[in-house]
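Asks: Structure for this input, please:
(6 chains)
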6 protein chains.
Amino acid sequence: MPVITIEAGLVNKEQKEKLIKEFTKSASEIIGLPEEKFIVFIKENADENVGVGGISLLELKSKR
Amino acid sequence: MPVITIEAGLVNKEQKEKLIKEFTKSASEIIGLPEEKFIVFIKENADENVGVGGISLLELKSKR
Amino acid sequence: MPVITIEAGLVNKEQKEKLIKEFTKSASEIIGLPEEKFIVFIKENADENVGVGGISLLELKSKR
Amino acid sequence: MPVITIEAGLVNKEQKEKLIKEFTKSASEIIGLPEEKFIVFIKENADENVGVGGISLLELKSKR
Amino acid sequence: MPVITIEAGLVNKEQKEKLIKEFTKSASEIIGLPEEKFIVFIKENADENVGVGGISLLELKSKR
Amino acid sequence: MPVITIEAGLVNKEQKEKLIKEFTKSASEIIGLPEEKFIVFIKENADENVGVGGISLLELKSKR
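Replies: Numbers count the residues shown, from 1 in each chain, chains lettered A, B, ... in the order given. This next block holds a predicted model:
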């Protein structure tokens, strides 16, 4: 029943499949519960909705 | 002030109204706080963003 | 695989059993998925860690 | 590494920039860690996905 | 009904009161909703339960 | 700035270090961002605060 959530930017379908697979595999081995017990949620966030150091990623990228 | 959140797949408007109503009613009765104090968030997730047992719901459904 | 989380104050064991049972039953009926698919997390918060209207519940209760 | 998340309704770009800036500034000063360490996520929710007192914001607004 | 959550390390009572007050005040002004509508949750995490760059804060601090 | 959170039962220190290390390594490779950008939170939950299929883990284990 463990639940793993990643808050990230936009990720493509292949990356999603890999994140789900790898997180589940690692956690299953480390915690010692079967893979079927694990749920993964991938949460995608637009650059304007994420801030680092007080500035949105949107603004940060526009300044580079 | 309790906050109830459900992470689910896509749900329609009628289901949303019912989830909000039922969760609030049950929690209000069990905890003993008035219904006005409760907030509910319904979070919808695309099949490709949810994994069970290391595989996305998108892939799981395509294999059936 | 839906995941229901409630952020609340302290609740006793009987209340926890009831919250888990009622949330799962309601959501299962409304969404149309079997009860086994649902996970519930009950998160308890001390009064000093929750604020309503800019004031902690600890302070609010001491002022009553 | 502190992470601040706000669950809100829809907010515009200017409000997002301000929320990120103000939350980071306040938290940095209060906790005593440099602003670079703070991450902010702004989560926007449609009115039909938020309930207060057992009724969705969508229904509440339509009744006014 | 907006809900603001901060995931942090351990913070003292005075810091908690200030975080609740400042987050609520800023968000109320920026979003344009009365302060009473805002809920704040402060989540404290032990150093061994937080990782940055693949290493726990516990290990990071022991290496300094 | 991606943030990975696992909601689990109780885990020991060695498991925590491994979860932090493995989640960060996998996500860094898949998403293509340096490991320093990733934050991991490990959230531990008592058996009475987690429900699967409408029954708490506490009750489930006592019935075995």
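Asks: was I right about A:S26 contacting F:T24?
Replies: No. Between A:S26 and F:T24 there is no contact under C-beta atoms under 8 Å: 10.2 Å. (Each C-beta comes from the backbone N, C-alpha and C, glycine too.)
Asks: The two: who's more crowded?
Replies: Applying other C-beta atoms under 10 Å in any protein chain shown to A:S26 and F:T24 shows that F:T24 carries more neighbours, namely 23 against 19.
Asks: Now the more buried one: closest residue in space that isn't a chain neighbour?
Replies: Spatially, and ignoring its direct neighbours in sequence, F:T24 is nearest to E:G54 (3.7 Å; C-beta to C-beta, 6 or more residues apart in numbering or on different chains).
Asks: which residues touch that neighbour?
Replies: F:I20, F:K21, F:T24, F:K25, F:S28, F:E35, F:F38 (C-beta atoms under 8 Å, 6 or more residues apart in numbering or on different chains).
Asks: Now, of those residues, which are buried?
Replies: Buried subset of those (neighbour count, 16 or more other C-beta atoms under 10 Å in any protein chain shown): F:I20, F:K21, F:T24, F:S28, F:E35, F:F38.
Asks: Look at the last one and report its pLDDT.
Replies: It stands for F:F38. On pLDDT, F:F38 comes in at 98.
Asks: three-state assignment of the spatially closest residue to it that is not a sequence neighbour?
Replies: Nearest-residue entry for F:F38: F:T24, 4.6 Å, with adjacent residues in sequence omitted and distances by C-beta to C-beta, 6+ apart. Three-state call for F:T24 (DSSP: H, G, I helix; E, B strand; the rest coil): helix.
Asks: Contact partners for F:T24?
Replies: Contacts of F:T24 by C-beta under 8 Å, 6+ apart are E:G51, E:G53, E:G54, F:I4, F:E35, F:F38, F:V40.
Asks: Turn the residues you listed into a markdown table, including secondary structure.
Replies: Shown next, in a markdown table, are the contacts of F:T24 (three-state DSSP):
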| residue | secondary structure |
| --- | --- |
| E:G51 | strand |
| E:G53 | coil |
| E:G54 | coil |
| F:I4 | strand |
| F:E35 | helix |
| F:F38 | coil |
| F:V40 | strand |
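Asks: Distance to B:N45 added to those residues, as a markdown table?
Replies: As requested, the contacts of F:T24 are exported to a markdown table (distance: C-beta to C-beta, whole Å):
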| residue | distance to B:N45 |
| --- | --- |
| E:G51 | 25 |
| E:G53 | 28 |
| E:G54 | 27 |
| F:I4 | 16 |
| F:E35 | 26 |
| F:F38 | 21 |
| F:V40 | 21 |
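Asks: Check the contacts of E:G54 and tell me the two furthest apart.
Replies: F:I20 and F:S28 (12.1 Å; C-beta to C-beta).
Asks: Phi first, then psi, for the residue of chain A found nearest chain E.
Replies: Using C-beta to the nearest C-beta, the closest approach of chain A to chain E is made by A:E7 at 10.9 Å. Backbone dihedrals for A:E7, given as degrees, to the nearest 10, come out at phi -100, psi 110.
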